[in-house]
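Visitor: Please work out how this folds:
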Amino acid sequence: MPSNLIRPAFVPLNHARAGSSRDHSATTEVTTSRPDSGRTLAVAAAGTALVLVAFTVPLATISGTATDLGAGPGAQAWVLSSMSVGSAAGLLSSGTIGDDYGRRRTFLAGALLLAASSLLGALAPTALVLIIARIVQGLGGAAMLACGLGLVGQASARATDRRPSGASWLPTRNTAAGKTNPPHQSRDEFTRTAVHQHEKDDRSSLMRATLIYGAGDVRVEDVPDPVVQEPTDAVVRVLRGAICGSHLWPYGSRPATGQGEPIGHEFLGVVEDVGAEVSGFKRGDVVVAPFAFADNTCEFCVEGLHTSCPHGGVWGVGGVNGGQAEAVRVPLAQGTLVKLPVGEDSVLLPSLLTLADVFSTGHHAAFKAGIAPGTSVTVIGDGAVGLLAVLAASGSAPS
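Guide: You can find the predicted model right below:
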């Protein structure tokens, strides 16, 4: 039951694993900029400029080329307008394709189409082939332009470390000063810099994770990176996490302890590693995890009672990571994770995150109530789950 959707405000996990050194005895600045954001910005900007050149420069010579190929007035008109037709089709479809397969992949596919069709157009033996080549040029160029501009905006946002405002309620621990920063600190204070100091130890790889120490005492600290411990495990790099309404209970009343506990049970991310007994998942798959893990094979799971699985459990308990972290070790991964048909930079990720808990809970309520077309229902409570129960009930009857 998320009260807000947040991105992890941490150093990217793949940056630490790539061998970047961090001095854990000194103050460290934490940002969310990806190490390749500058390169992405340069490539996307160059590609966008190339598309603009490809769209404008040939117009000065295309009429002569069409005449040389023996094209009549009608064919010449098609030669001149064919790229616009392809561009319109590309602009209409590239957004959806980019959401499904990722902007980078769509951008690269568009670049290949533009290059191949430009070569075909230069060698076209007939006006018809030239028209087809220019339509494909328009398709590829539009894909590059749409996704390139999206990547430029995305890289610029990462470079300035912009962050949704809902994340700023979490207090951070300033261990260098020995005190907890207040929960009303500004967004920039929370997401741009987290000051922390650690004693040197022999851990070679650390990540950032959210820990709760007591009522009103939530800290973002370094913890060991998760690794595959059992052959049924998977390690997932978190792309999106949610704050659940149930987190307000310990945040308001949890007794203070000397050791923090990981929190968070709603997340989706990218598979980074899998155990030997996990099939159906591979590195790079985008997956979502429910609010509890289970084997999905026992008699309880078969009856749909996954939270009663004798082999399962909940996140943040018994040595299992919480979902509000840079990465999570997922026990019983094959029975727990669900693969999503999108890329890791899809704009649909915040919406898909609701499948981890809030939407599935609301849909289950509508399903158990036996909602059918034409049924009038009353939904008590208009929180996140209640609103999504309304959404589920207002659609077609659940199958």
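Visitor: as a whole number, average confidence for stretch 302-309?
Guide: On average, the pLDDT along stretch 302-309 is 91.
Visitor: Looking at whichever strand or helix holds L352 now, give me its mean pLDDT.
Guide: Using DSSP states H and E, the element containing L352 is helix 349-352. Taken as a whole, helix 349-352 has an average pLDDT of 92.
Visitor: counting contacts, what elements does that helix pack onto?
Guide: Under the contact criterion of 3 or more C-beta pairs under 8 Å, 6 or more residues apart in numbering; DSSP states H and E, helix 349-352 touches strand 234-244. To be clear about C-beta, it is placed using only N, CA and C from the backbone, and glycine gets the same treatment.
Visitor: returning to that earlier point: give me the contact list for the helix holding L352.
Guide: When contacts are defined by C-beta atoms under 8 Å, 6 or more residues apart in numbering, helix 349-352 is touched by residues 5, 239-240, 268, 288, 340, 342, 346.
Visitor: what about the helices in the stretch 201-350 of the chain?
Guide: 248-253, 299-302, 333-336, 349-352 (DSSP state H, counting those that start in this stretch).
Visitor: now the third one, how far from the chain's geometric center?
Guide: Here the centre of helix 333-336 is set off from its chain's centre by 20 Å, with C-alpha atoms, centre = their mean, to the nearest Å.
Visitor: and for it, what are the contacting residues?
Guide: By C-beta under 8 Å, 6+ apart, helix 333-336 touches 232-234, 274-275, 277-281, 289-290, 293-297, 301, 312, 330.
Visitor: Would you reformat the helices of the stretch 201-350 of the chain as CSV and include distance to W78 and mean neighbour count?
Guide: Shown next, in CSV, are the helices of the stretch 201-350 of the chain (distance: least, C-beta to C-beta, whole Å; neighbours: other C-beta atoms under 10 Å):
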stretch, distance to W78, mean neighbour count
helix 248-253, 63, 13
helix 299-302, 60, 14
helix 333-336, 54, 22
helix 349-352, 41, 17
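Visitor: Figure out which of those is closest to L108.
Guide: Shortest separation from L108 across these is recorded for helix 349-352, at 20.5 Å, computed as C-beta to C-beta.
Visitor: Give me the distance from the closest one to the chain's centre.
Guide: The answer for helix 349-352 is 8 Å, by C-alpha atoms, centre = their mean.
Visitor: and if you look at stretch 384-399?
Guide: Using C-alpha atoms, centre = their mean, the offset of stretch 384-399 from its chain centre is 24 Å.
Visitor: Would you mind giving the domain segments of the chain?
Guide: Domain segmentation of the chain under automatic domain parsing yields 2-32+162-356, 37-159, 360-399.
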